[in-house]
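Participant: What shape does this take:
(3 chains)
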Amino acid sequence: MALNDPPVPVIPAPIWRNFKELQEWEQLHKTRPEGDKHSALFESVTEGIHNFPGGFVVTTAADAFLNWARKSSVWPVTFGLACCAIEMMATFCSRFDVERLGMVPWASPRHSDLMIVSGTVTIKMAPMLLRIYDQMPDPKWAVSMGSCANSGGPFRHGYHVVKGVDRVIPVDVYVPGCPPPPESLLNGLLLLQDQIAHFKKTGRKAPPNEKVD
Amino acid sequence: MNADQARASLASTFGIDVAAAVPMVVSVSPDRWQELGRHAKEIVGCRFFNFLTAVDWKEQGLEVVARVDNLEDGVSLMLKTKLGPGVSNCASLTHVYRGANWMERECFDMFGIHFDNHPDLRRILLEDNWEGHPLLKSYAVDTPHPPYR
Amino acid sequence: MLDVNETTRVEMDWSGPERLQMNMGPQHPSAHGVFRAILGLQGETVVDVDAVIGYLHRCHEKLSETLTYAQYPSIASKTDYVAAMTSEFAYVMAAEEIGKFEVPRRAQYLRVIVAELQRIASHLLWLGTWCMDMGGALGGGATIFLYCIREREDILDLFEALVGARLLYGFFQVGGTRYDIPDGWIEKCRATIDRIDSRVGEYEQMLEDNAFFLARTQGVGVVSRELAQDVGIAGPLLRGSGVNFDLRKNVPYSSYADFEFTVPVETAGDCYARYKVRMVEFREASGIIRQALDKLPSGPISSRPALKSVAQIRIPKGEAYARVEGPRGEVGSYIISDGSAKPYRMKWRGASFSNLSILPHIIPGHKVADVVAIMGSVDPVFGEVDR
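Facilitator: Numbers count the residues shown, from 1 in each chain, chains lettered A, B, ... in the order given. Predicted coordinates for the structure are as follows:
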C-alpha cells in the first residue's frame, strides 16, 4: 500500500533475555544449586542405570512414561486478555472440548502447566503477565494464541502494544489467526503435546520435532 | 424543554446563535464552560451525560467537546470550547455531571488537558509514569518504548 | 468459660479498624477480561473501589487516524469483541452521515438482522459468564455457561456462513454491507432462532427457581434513575433503572422504524432488574429478526462500488456522531473528517467505559461476593473500555 507505508518490519531476536529478572531466573535454572542433593542423587542413580548394560531400556521407558503423563494432563491457566479469550473459552466448551485431551482450565497459575496468552499484550499488562508466568512451576509451556500475541497483530504500530508476547516470555507454539478459530487452537495444542512428548528429564526442552506437519 | 426553547434560552444566556440541527452545537469560551454545563443540565434539562473528549487542532490549540442529551424531550447538545493555542487548562464538569470524572481523566491522559477542581486527576488508560500525551498530533503512533516495542 | 447449660450471646467487636486492601487483579477467573479493582475492605464490606483500567489499551483512536475508512471497520470490530457487528455499525454509520451516503434497503435490513443476531449471541455469553462467576467454574455455574455457549455456537455458525469469520467480522463497509446472504441461510436462521427462543425459556425457569440466584441478585447493586443518567450509563443498565430509552425506538437508525418491538423497562435498578431486561431483549430480538426475514427486500447490498483499493472512500469535511444500541448500551463513534481518506479525529464512545464508571458509586456498602455479581450484571467488555 502506498499510503502511510509502515516501516518494513524488522523482527529482532527474542529480547526477553534483556530482562534482568528473567536473566537471573535463567541463570538459576541453568546450573543445579549446591543444596539440591536429592535430584543430584536421582540423576546419578539414573546415569548409573543408563550406563549399565541393558539399562537404557529402563530409562527410556521411564522417560516415555513420564512424558506421556505430562502431555496428557496439561492444565492451562486461564489467561484471557482480549478477543482471543472468547475463542479460547469456546475451545474449552462442549463443542471443541479440550478436556478430552486432559486439559482442565485452571485459574491459579501455581497449579498449571500451560499459559495460553490469548489477546493483545500491552505495556501496562506485560509485567503482570511476567509475574503470572513466574508463578507457574516448572516444567511449563506457553502458547501464543492469535496474531496480537504472536507479533502485535493489527495493533502493532500502536504506542502501547508489545510487539509479540515472545518479548516477555519464551513461547513454545504460535497459533496464527485473528482470532484463531477453535480448530486452529486445538491444532496448536496437539502440536504442543507432540513437543512435550520429547521433553527431556533434565528440564531442557528438545528442539521442535521436524516430522510434525 | 424542547429544541426551540433550548435555542432561545441559550441565545439569551450566552448570546450565541445556535443552528437548528441534531445535535445542536453550542460553542463558548473556556471561562463560561462550567456555566454552560450547568445551564444545559438544569435549564435545558439535559441530564444524560453522553461523552466528553478533546480534539487537537494543531496550531489553533485544543478543543474540548462534550455531548449531553435530554432523553425525555429528545434534545441533544454538543458543547464545545476552544482552549486556544498553547492552553491546556479547562474547568471541570465533574461537579455538574458525575460521568465527566472518567472522561476528563481520559482527556488528561491522552491530551494533557488539566481540569481544574477535578477530584482525582490522574492517568486512567496508560501507566502513571508514562511520558507524553498520545493523542496530540505531535506524538507519533509508533513511538518506541524499549524493551517492549 | 462458657457454661454449656445456659445460652450465651457472643458478640463480635467490629469497632476496631480492620481495613484491608485487596487487589482483584488483572488476571482473575471472573472471565471478564483485564480489569483491576483495588478494593478497600472493612471486614467483608467494600468501603471503596479504585478501578484501574487500561490493561487493554490498544490505541484505537490514534490508529484510526492512520487507517482509511475502508481499512478500519474490521479493526472497529475489535473494540466490543463480543458484539463485533454493533461496533462496526457505529463507525460505518458515522462515516455515512458525514458523506451523506445512501444505504440501500436490503443492506439496511441485513444490518438489522445481523445486529439483532449479534445481540442474542452477546446476551448468551453474558448470561453464561455471569452465572459461571456467581456459581463457580466447577460448581453449578458451568451448567448455564455450557448451555449458552452451545446456543451461541449455532449463531456463530450462521455468521460463519455469511461472512467467513466466527467472532470478528469485516461485514460492514461504508455504503452498505460487504457480503450478501448465501442460499439456505434464511431457513437456517429461522430454525436457529426458534430453537434458541425455546431454550432461553428453560434457562430462565432454571434460574428463577434457584433461591441462591435470587438472593444474590435481588437488591444488589441498585442504581438510581438519577445516578444512571448523571453518569451516562446506557442500555440494559439504564432500562433496568426505570429510564425508558432505547436508541432503536427513540432515535431510530437504519431500518428499525419498520419493525415492531417493545422495550423492556424495570424500575428496581438492581442486578435482577437488569437480568430481566436482558431476558426480554432475547425475545424481542428474535421477533425483529423474524419480521426482517419476512420483509427482506431485494436489491443491491451497497451503494458504493466494491472495495478495490484502500483509499477508495473519501469523505468530505465535516463531523458526525453516530450511535447504535449495542447489547451493552450506546456505542457511538464521533468522527471529524478533513476531506481525506482517513479521519482527522475519531472518538469511540464505548458503552462499557461509561457503564464501568458507575462501579465506584454503587459497590461501596456491598460484600466482596456482591462485587462479582455486580460486575457481571454491568457486563463490561474491555476492548470497549480501554479501546
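Participant: Spatially nearest residue to the residue sitting nearest the centre point of chain C (excluding sequence neighbours)?
Facilitator: For chain C, the residue nearest the mean C-alpha position is C:Arg328 (2.9 Å; CA atoms, centre = their mean). Leaving aside its sequence neighbours, C:Arg328 sits nearest to C:Ala351 (CB to CB, 6 or more residues apart in numbering or on different chains; 4.1 Å). Where you see a C-beta, it was placed from the backbone N, CA and C, and this is true even at glycine.
Participant: which residues touch the one you found?
Facilitator: Taking CB atoms under 8 Å, 6 or more residues apart in numbering or on different chains, we find C:Ala351 in contact with C:80, C:234-235, C:326, C:328-331, C:384.
Participant: and the two most separated of those?
Facilitator: Farthest pair in those (CB to CB) is C:Asp80 and C:Ala234. Separation: 12.9 Å.
Participant: where does the residue nearest to the centre of chain C land on pLDDT?
Facilitator: With respect to pLDDT, C:Arg328 scores 93.
Participant: among the contacts of C:Ala351, which are in helices?
Facilitator: Using DSSP state H to define helices, the subset of the contacts of C:Ala351 located there is C:Glu384.
Participant: so how far is C:Ser303 from C:Ala107?
Facilitator: 8 Å (CB to CB, to the nearest Å).
Participant: list residues touching both of those two?
Facilitator: With CB under 8 Å, 6+ apart, C:Ala107 and C:Ser303 have common neighbours C:175-176.
Participant: Surely C:Phe145 and C:Asp133 touch.
Facilitator: No: if you go by CB atoms under 8 Å, C:Phe145 and C:Asp133 don't touch, sitting 9.4 Å apart.
Participant: Comparing those two, which residue is more hemmed in?
Facilitator: Using other CB atoms under 10 Å in any protein chain shown as the criterion, C:Phe145 and C:Asp133 rank with C:Phe145 on top: 26 against 21.
Participant: ok, that one to C:Met132 distance?
Facilitator: Using CB to CB, C:Phe145 is found at 4 Å from C:Met132.
Participant: Show me what from chain B comes close to chain C.
Facilitator: Residues of chain B lying near chain C by CB under 8 Å from any CB of the partner chain: B:23, B:47-51, B:53, B:55-56, B:65, B:67, B:71, B:74, B:78, B:97-99, B:101-102, B:110, B:123-127, B:134-135, B:139, B:141.
Participant: how about the helices in chain A?
Facilitator: A:20-30, A:37-51, A:56-71, A:83-92, A:126-135, A:146-151, A:182-196.
Participant: Just the pLDDT for the spatially closest residue to A:Ala82 that is not a sequence neighbour.
Facilitator: Distances taken as CB to CB, 6+ apart put A:Gly119 closest to A:Ala82, at 3.1 Å, once the chain neighbours are dropped. In the predicted model, A:Gly119 carries a pLDDT score of 92.
Participant: do A:Glu26 as well
Facilitator: 55.
Participant: repeat for the one 3 residues further on
Facilitator: With respect to pLDDT, A:His29 scores 55.
Participant: what does C:Asp48 give?
Facilitator: As predicted, C:Asp48 sits at a pLDDT of 84.
Participant: in which helix or strand would I find it?
Facilitator: In this assignment (DSSP states H and E), C:Asp48 forms part of strand C:45-52.
Participant: Also B:Leu77?
Facilitator: Going by DSSP H and E, B:Leu77 is in strand B:75-84.
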